[in-house]
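S.K.: Build the 3D model from these lines:
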Amino acid sequence: MAAPGPDTGGRPRFLDAGEAALVVEFGARVDPALNDRVLALDAALNAKPPRGLAETVPTYRSLMIHYDPLALSRDALVAAVEGRLAEGGAARAGGRRWTIPCCYDPAFAEDIAEVADLAGRDVAAVAALHAEAEYRVYMYGFAPGFAYLGGLPEALALPRRPSPRPPHPPGAVMIGGGLAAIGTFPMPTGWYVLARTPERLFAEGRDPAFLIESGDTLRFEPVDAGTFTALERRAAGGEIVARVAA
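M.R.: Below you'll find the predicted structure:
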């Protein structure tokens, strides 16, 4: 097995994940250029899938490929991947740019005062820093619609909690470990809840069920508590309350 090439464009590593999955690893860090390579390979394989390919799962820096080993051998899959890479991947349209409504009111931002103390700033400054940044959607993981975001300002790059806090509400906008995230379902977390969005990134029965895609970018648009409640009501009725640039 070849050693990983440089993060800037070397040959990836091919790592087995059991008998029916292969991980194509492009590097060892969270980086837009690596993620672009992951998404390009994902698009290329799905545009012209080899027989026996079951599913692809993109992450920050690697692509997991689930396959049927009775229909597609590991060697044939590696050859298919290398062929797509040699072709330069697939032409992938640029990610969409989203504006996501977000409420930083203390009633919806359970941990913002704690974050302000840890960051040495006041609550208003923390909210402004968070809202002014542009975030890249790297991947979904952990739970349906749980979106991992890069682009968090360095001043808010706090480590995760030493122990989980009680379950966060649906739509929690969180930070932790130098990243940002949007949660969908209530669950305990080691992240800090900084705000909440009325938008639903995952809605079973909606087409598409997952609202945003890996490679998209987004900004958070601050709204007050009254506006949040009105937007939440509309979102519950099936309306998409986030905006996407034309």
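S.K.: Check the average confidence over stretch 125-134, would you?
M.R.: In this model, stretch 125-134 has a mean pLDDT of 97.
S.K.: Please read the previous query as pertaining to stretch 148-164.
M.R.: Here the average pLDDT along stretch 148-164 is 95.
S.K.: Please list the residues outside that stretch that contact it.
M.R.: With Cβ atoms under 8 Å, 6 or more residues apart in numbering as the test, stretch 148-164 has contacts from 30, 32, 60, 115, 118-119, 121, 126, 129-130, 132-141, 175-182, 188-192, 217-218. Using the backbone N, CA and C atoms, a C-beta is placed for each residue, glycine as well.
S.K.: Show me which residues of that stretch are buried.
M.R.: By neighbour count on 16 or more other Cβ atoms under 10 Å, the buried set for stretch 148-164 is Tyr148, Leu149, Gly150, Gly151, Leu152, Leu156, Leu158, Arg160.
S.K.: how's the protein carved up into domains?
M.R.: 13-86, 97-244 (automatic domain parsing).
S.K.: on that earlier part again, of the contacts of stretch 148-164, select the buried ones using a PyMOL command.
M.R.: Buried subset of these, written as a PyMOL selection, criterion 16+ other Cβ under 10 Å:
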select buried, resi 30+60+115+119+121+126+129+130+133+135+136+137+138+139+140+175+176+179+180+181+182+189+191+192+217+218
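S.K.: Strands - which of the contacts of stretch 148-164 land there?
M.R.: Among the contacts of stretch 148-164, DSSP state E puts 135-140, 175-176, 179-182, 192, 217-218 in strands.
S.K.: Which two of those residues have the greatest separation?
M.R.: Comparing every pair within the ones in strands among the contacts of stretch 148-164 by Cβ to Cβ identifies Tyr192 and Thr217 as the most remote, at 22.2 Å.
S.K.: Strands of the protein, start to end?
M.R.: 13-16, 21-25, 53-58, 62-67, 97-102, 135-140, 147-150, 172-176, 179-182, 192-196, 217-222, 243-244.
S.K.: For the fourth one, which helices and strands make contact with it?
M.R.: Counting by 3 or more Cβ pairs under 8 Å, 6 or more residues apart in numbering; DSSP states H and E, the packing neighbours recorded for strand 62-67 are strand 21-25, helix 32-47, strand 53-58, helix 74-86.
S.K.: and the angle from the longest one to strand 21-25?
M.R.: Same thing as helix 32-47. Here helix 32-47 runs at an angle of 140 degrees relative to strand 21-25 (axes from the mean of the first three to the mean of the last three Cα atoms, to 10 degrees).
S.K.: Quick one: distance of helix 32-47 to the chain centre.
M.R.: On the basis of Cα atoms, centre = their mean, to the nearest Å, helix 32-47 sits 14 Å off its chain's mean C-alpha point.
S.K.: Which residues belonging to it are considered buried?
M.R.: Quick answer for helix 32-47 (16+ other Cβ under 10 Å): Leu34, Asn35, Arg37, Val38, Leu39, Ala40, Leu41, Asp42, Ala43, Ala44, Leu45.
S.K.: can you list the weak-confidence ranges in the protein?
M.R.: Residues of the chain meeting the criterion pLDDT under 70: 1-9, 89-94, 246.
S.K.: hmm, what's the outermost residue in the protein?
M.R.: In the chain, the residue that sits farthest from the middle, by Cα atoms, centre = their mean, is Leu70; the gap is 32.2 Å.
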